[in-house]
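Trainee: sequence below, structure please.
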Amino acid sequence: MSFTSLKLIEPVMKALADEGYTIPTPIQKQAIPYVLAGRDLQGCAQTGTGKTAAFAIPVIQLLHQQRKPKSGIKALVLTPTRELAIQIEESFSTYGKYTNIRHTIVYGGVSQLPQTRALRKGVDVLVATPGRLLDLIGQGFIRLNELEIFVLDEADRMLDMGFINDIRKVIRLLPPNRQTLFFSATMPGEIEKLAGVLLKDPVKVEVTPPTSTVDKIRQSIYHTTKADKPKMLLHLLREQKISTALVFTRTKHGADKVVKFLHRAEIKAAAIHGNKSQNARQNALNDFKTGRLKVLVATDIAARGIDIDELSHVFNYDLPNVPETYIHRIGRTGRAGLNGTAIAFCDVDERKELRDIEKLIMNKIPVVEKHPFPGNPVVIEKKAARPRHHRYRQHLN
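Mentor: Got it, this is the predicted structure:
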């Protein structure tokens, strides 16, 4: 199936042609016709499956085809992080460049003045993170009374980041007669409940089971010590001649330590996390995309919006506490039909996390036995035999 079979309008098709896109991904193929038909939609798709275009393309078409455009914000896309918001807004710019759709973005951590100026000029599509959206609503800069389409993206990450109360506040401000598109990489119970509140007679689209990992990603795990993880990373970067690597750490401090170690080894690297300014994070991401950086070290929250088609390797430097996060992390590679490699390090204190991940993905991750920095073997202590009570011994005698 090609994009031409989805009954897309000429301005959208022209924009897709400019990008060289001819074949929709499975999530796009399934979702776009339902969205164009005005249906509420619940989409379950992993990172890297093309779900941003699955809602951006039909939203652009629906708004462009309105005979009597209304004033005010017509579509709201709510997403958890600044990086992901930027990526989504860029998609609206790319796919809507030959239409009359006006769009802008609001997120925290930067001055609100450029954002409020853009809002005053008039906006059809607003991409927003929860905190800044509610702040600007409170100040009177944003009204949602004319809203026709609401998109909640990365719902599971919203839950992980503690945005559930903010989402409920936004929901109370939405007009009851609207179309709602709900996307999540996984569907835990809390997310299913939220979908039940938001959606009316929805179509459910699931292109990849939420607990599976992308087939084209080659996974492996190295058992090592916590102290040897930096040397293990450096060894693999050099031995395998890795051109680009995204490295996940559990903490901001850990990310900074890895970058300092790589700098001492003369490897160009940068960290992105919540303590970095928006400009620093965006510059690091741009440098990584253009090849000026070989390694980008990130925490999970900061990395959620990273979208790089030709990323060869993802490292789980620290195993995540939440097993679903492992799926999100490795899904950063193996995109756009390419192969990818996901390498994980596991020290003795992370064995439980490894068991949880393997239980979730229903597979054992292949272990690389021979390497220069082996970890300590797991020692299973036998319980000492319980001494028999003196009276018990007398009874036996």
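Trainee: now residue 206: closest residue in space, sequence neighbours ignored.
Mentor: residue 44 (4.2 Å; C-beta to C-beta, 6 or more residues apart in numbering). Heads up, the C-betas are built off the backbone N, CA and C, glycines and all.
Trainee: burial of the one you found, as a residue count?
Mentor: Per other C-beta atoms under 10 Å, the neighbour tally for residue 44 reads 24.
Trainee: wait, isn't it in contact with residue 184?
Mentor: Yes: under the criterion of C-beta atoms under 8 Å, residue 44 lies in contact with residue 184, with a separation of 6.0 Å.
Trainee: got a list of what residue 312 touches?
Mentor: For residue 312, the set of contacting residues under the criterion of C-beta atoms under 8 Å, 6 or more residues apart in numbering consists of 242, 243, 244, 245, 333, 340, 341.
Trainee: the fourth one against residue 313, yeah?
Mentor: Yes: the pair residue 245 / residue 313 is scored as a contact, 4.4 Å apart, by C-beta under 8 Å.
Trainee: so for the two, which residue has more residues nearby?
Mentor: More crowded of residue 245 and residue 313, by other C-beta under 10 Å: residue 245, with 26 against 21.
Trainee: and that one, what pLDDT?
Mentor: Residue 245 carries a pLDDT value of 93.
Trainee: distance check, it against residue 294.
Mentor: Computed with C-beta to C-beta, to the nearest Å, the distance linking residue 245 and residue 294 is 7 Å.
Trainee: any shared contact partners between those two?
Mentor: A shared contact of residue 245 and residue 294, defined by C-beta under 8 Å, 6+ apart, is any residue touching both; here these are residue 237.
Trainee: got any ranges where the stretch 101-250 of the chain has weak pLDDT?
Mentor: In the prediction, the stretch 101-250 of the chain carries residues with pLDDT under 70 at positions 208-215.
Trainee: tell me where it has strands.
Mentor: Applying DSSP state E, counting those that start in this stretch to the stretch 101-250 of the chain gives strands spanning 103-106, 125-128, 149-152, 179-184, 203-206, 217-223, 245-248.
Trainee: would you convert these into JSON lines that also reports distance to residue 83?
Mentor: What follows is the strands of the stretch 101-250 of the chain, written out as JSON lines (distance: least, C-beta to C-beta, whole Å):
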{"stretch": "strand 103-106", "distance to residue 83": "11"}
{"stretch": "strand 125-128", "distance to residue 83": "12"}
{"stretch": "strand 149-152", "distance to residue 83": "17"}
{"stretch": "strand 179-184", "distance to residue 83": "16"}
{"stretch": "strand 203-206", "distance to residue 83": "25"}
{"stretch": "strand 217-223", "distance to residue 83": "21"}
{"stretch": "strand 245-248", "distance to residue 83": "13"}
